[in-house]
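Participant: Here's a sequence, model it:
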Amino acid sequence: MLLQNCQSKNETIAKVSDYGISLAQQSKLSKTDTENLAFWGNKLLDTPNQFPYIAKLAASHETIFAKTGAIEALFTAADYWKQVNEMTAYNSAGYLRAAAKNAITRHEFKKAYDLLKIAQENGEKLRATKLMLFDACLELGNYQEAEKYLNETKDFSDVDYLIRLAKWEDTQGNLNKTIMLMKDILAIARQNKNKALIVWTVTNLGDYYGHHGNIKASYESYLEALSIDPKNKYAKKGIAYIAFAHDNNPKEALRIITTIAQDNLQPDDLLFMADLAAVTGDAIQQKGYIKDFTNLLSIKNYGELYNIPLAQVWLNNGRFSEAITLLKHEVARRQTPEVYAALANAYHKSGNTKQAYQIIKTHVQYKTFEPSLLLAEAQVLKAMGKEQQRVREIKEELLGAVYELGPLTAADINAL
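Facilitator: Here you go, the predicted model:
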């Protein structure tokens, strides 16, 4: 295995000949998409009180968001789902689940949870509601309740359950089990010739393989996704990351991300571009991308989606008080190790390492296996002069996670 890893590190994996053709293909709305939007809009104009038409409009706007990344469409859909649920007196579990799914996408996890609890009382298709309650609880940091819903929906022949079980195993640090479960899902998807599920599964497998250090398998997974859906942006971004973090080719990574962002620029694209500029030492360009990121957030309403990245930008600019306030707001919304680690990092950078240490000890240590959160823990422990054996153990583990964390973290890991 060690020999394979060494060989992999010396081998350029991302090759333009593999993905060049699909790179030029952008995800755009089809004629049917625009016709559906116009059709249901006109139907609603003719009969304004018909909530089924409003539900159709909500679904049409979510399709627009899925294909174009237009954040306005996601929030418009949220407004429509709210209207539908008000008009049906919150008495349709299906509409409640639809609104909850939209809320999860917008990172309004508590709102999603509340809607799903109403759907649970309704009792219609209760298993579907419990599966979504697992999702909401996982995002809120309610792990005991999430596990309860997982146990109540156990069915190893059901893809929806297997997807949740794979997520659960990942949070428990059982990456091998997660990959095995994803392979089971992929086998079912292939058997049923479900192209959408195949693409979803292989792109996620691409991520998990990368976390596992199997970069070649990660790359092949992204290529498989593109062979089915040449417009898939997620797979292209995965390849861009391989070019950046494995192949040491930030120029190609920037070409990929710039190409796919032409018609679908997202805030996280700009943050990735900033990292690419940083690794090449182009400080001016890096600052430009960061400025574009903050400008985009101010121009468009992204709600709660980018609270942690925005706080990190503020921290890097010395705006400690604003970053801490934003992260306290985020902690009030969801109590996960990720959010607490971000808050601890903010206190640490602001000079209040003692407060950071208390947060790490109470809310992060031994509660997560995520490398980025382990790095935050080790940095605080080292700064406090505490638990140096724990710091050494984390450092040893993180040395094998440089690919996942990205080249910019190598110096931080070595400094532990």
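Participant: going on from the helix or strand containing residue 326, what's the next piece of helix or strand?
Facilitator: Using DSSP states H and E, residue 326 maps to helix 320-333. Counting by DSSP H and E, the next helix or strand C-terminal to helix 320-333 is helix 337-350.
Participant: Can you tell me which helix or strand of this structure has the lowest average pLDDT?
Facilitator: One helix or strand of the chain scores below all others by mean pLDDT, DSSP states H and E: helix 2-10, with a mean of 45.
Participant: Tell me the helices and strands packed up against whichever helix or strand comes after that one.
Facilitator: Later in the chain than helix 2-10, the nearest helix or strand by DSSP H and E is helix 16-23. Packing partners of helix 16-23 (3 or more Cβ pairs under 8 Å, 6 or more residues apart in numbering; DSSP states H and E): helix 215-228, helix 233-245, helix 250-260. (C-beta placed from N, C-alpha, C; glycine too.)
Participant: what's the most buried one of the ones you listed?
Facilitator: Among those, helix 233-245 has the highest mean neighbour count (mean count of other Cβ atoms under 10 Å), at a mean of 24.
Participant: okay, the angle between that helix and helix 250-260?
Facilitator: Inter-element angle recorded for helix 233-245 and helix 250-260: 160 degrees (by axes from the mean of the first three to the mean of the last three Cα atoms, to 10 degrees).
Participant: Figure out how far helix 233-245 is from the centre of its chain.
Facilitator: The chain centre lies 14 Å from the centre of helix 233-245; the measure is Cα atoms, centre = their mean, to the nearest Å.
Participant: what comes into contact with stretch 130-150?
Facilitator: Residues outside stretch 130-150 that contact it (Cβ atoms under 8 Å, 6 or more residues apart in numbering) are 97, 100-101, 104, 107, 109-110, 112-113, 116-117, 120, 152-153, 160-161, 164-165, 167-168, 171, 334-337, 339.
Participant: same deal with stretch 250-261?
Facilitator: By Cβ under 8 Å, 6+ apart, stretch 250-261 touches 14, 16, 23-24, 26, 233, 236-237, 239-241, 243-244, 269, 272-273, 276, 279-280.
Participant: what's the answer for stretch 262-276, then?
Facilitator: Stretch 262-276 has contacts (Cβ under 8 Å, 6+ apart) with 26-28, 68-69, 233, 237, 240-241, 244, 250, 253-254, 257-258, 260-261, 286, 289-290, 292-293, 296-297, 302, 305-306, 309, 406, 408.
Participant: how long is stretch 397-406 from one end to the other?
Facilitator: Using Cα to Cα, to the nearest Å, the end-to-end distance of stretch 397-406 comes to 15 Å.
Participant: gap between it and the chain center?
Facilitator: Worked out by Cα atoms, centre = their mean, stretch 397-406 lies 19 Å from the chain centre.
Participant: hang on, the earlier thing: save the helices and strands packed on helix 16-23 as a markdown table, and put in distance to residue 361 and mean pLDDT too.
Facilitator: Listed next are the helices and strands packed on helix 16-23 as a markdown table, based on distance: least, Cβ to Cβ, whole Å; pLDDT from 0 to 100:
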| stretch | distance to residue 361 | mean pLDDT |
| --- | --- | --- |
| helix 215-228 | 34 | 97 |
| helix 233-245 | 31 | 96 |
| helix 250-260 | 37 | 95 |
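Participant: right, and the ones you listed - which one's nearest residue 402?
Facilitator: Nearest to residue 402 among those is helix 233-245; the distance by Cβ to Cβ comes to 8.0 Å.
Participant: got the CA positions of that closest one in PDB?
Facilitator: Extracted C-alpha coordinates of helix 233-245, given in PDB (Å, rounded to 0.1, in the frame of the first residue of the first chain):
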ATOM      1  CA  LYS A 233     -20.100  20.300 -12.400                       C
ATOM      2  CA  TYR A 234     -19.500  18.400  -9.200                       C
ATOM      3  CA  ALA A 235     -17.400  15.800 -11.000                       C
ATOM      4  CA  LYS A 236     -15.400  18.500 -12.900                       C
ATOM      5  CA  LYS A 237     -14.700  20.300  -9.600                       C
ATOM      6  CA  GLY A 238     -13.500  17.000  -8.200                       C
ATOM      7  CA  ILE A 239     -11.000  16.700 -11.100                       C
ATOM      8  CA  ALA A 240      -9.900  20.300 -10.600                       C
ATOM      9  CA  TYR A 241      -9.100  19.400  -7.000                       C
ATOM     10  CA  ILE A 242      -7.100  16.400  -8.000                       C
ATOM     11  CA  ALA A 243      -5.100  18.600 -10.400                       C
ATOM     12  CA  PHE A 244      -4.500  21.100  -7.500                       C
ATOM     13  CA  ALA A 245      -3.900  18.800  -4.500                       C
END
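Participant: Can you say which of the helices and strands packed on helix 16-23 is nearest to residue 62?
Facilitator: Residue 62 sits nearest to helix 233-245 of all the helices and strands packed on helix 16-23, at 16.5 Å, using Cβ to Cβ.
Participant: Show me the domain layout of this protein.
Facilitator: 155-230, 306-416 (automatic domain parsing).
Participant: Now for residue 77: which residues touch it?
Facilitator: Residue 77 is in contact with 57-59, 61-62, 65, 102, counting by Cβ under 8 Å, 6+ apart.
Participant: And these, which is closest to residue 219?
Facilitator: residue 65 (28.0 Å).
Participant: moving C-terminal of whichever strand or helix holds that closest one, what's the next helix or strand?
Facilitator: Taking DSSP H and E as the definition, residue 65 sits inside helix 51-68. Remark: after helix 51-68, the chain's next helix or strand is helix 71-87, criterion DSSP H and E.
Participant: For that next one, list the C-alpha coordinates in PDB.
Facilitator: The C-alpha coordinates for helix 71-87 follow below in PDB (Å, rounded to 0.1, in the frame of the first residue of the first chain):
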ATOM      1  CA  ILE A  71     -29.700  31.000  -5.700                       C
ATOM      2  CA  GLU A  72     -32.800  33.300  -6.300                       C
ATOM      3  CA  ALA A  73     -34.700  30.200  -7.600                       C
ATOM      4  CA  LEU A  74     -34.000  28.300  -4.400                       C
ATOM      5  CA  PHE A  75     -35.400  31.100  -2.200                       C
ATOM      6  CA  THR A  76     -38.300  31.600  -4.600                       C
ATOM      7  CA  ALA A  77     -39.100  27.900  -4.200                       C
ATOM      8  CA  ALA A  78     -39.000  28.300  -0.400                       C
ATOM      9  CA  ASP A  79     -41.500  31.100  -0.600                       C
ATOM     10  CA  TYR A  80     -43.800  29.000  -2.700                       C
ATOM     11  CA  TRP A  81     -43.500  25.900  -0.400                       C
ATOM     12  CA  LYS A  82     -44.400  28.200   2.500                       C
ATOM     13  CA  GLN A  83     -47.500  29.400   0.700                       C
ATOM     14  CA  VAL A  84     -48.500  25.800  -0.100                       C
ATOM     15  CA  ASN A  85     -48.200  24.700   3.500                       C
ATOM     16  CA  GLU A  86     -50.100  27.700   4.800                       C
ATOM     17  CA  MET A  87     -52.900  27.000   2.300                       C
END
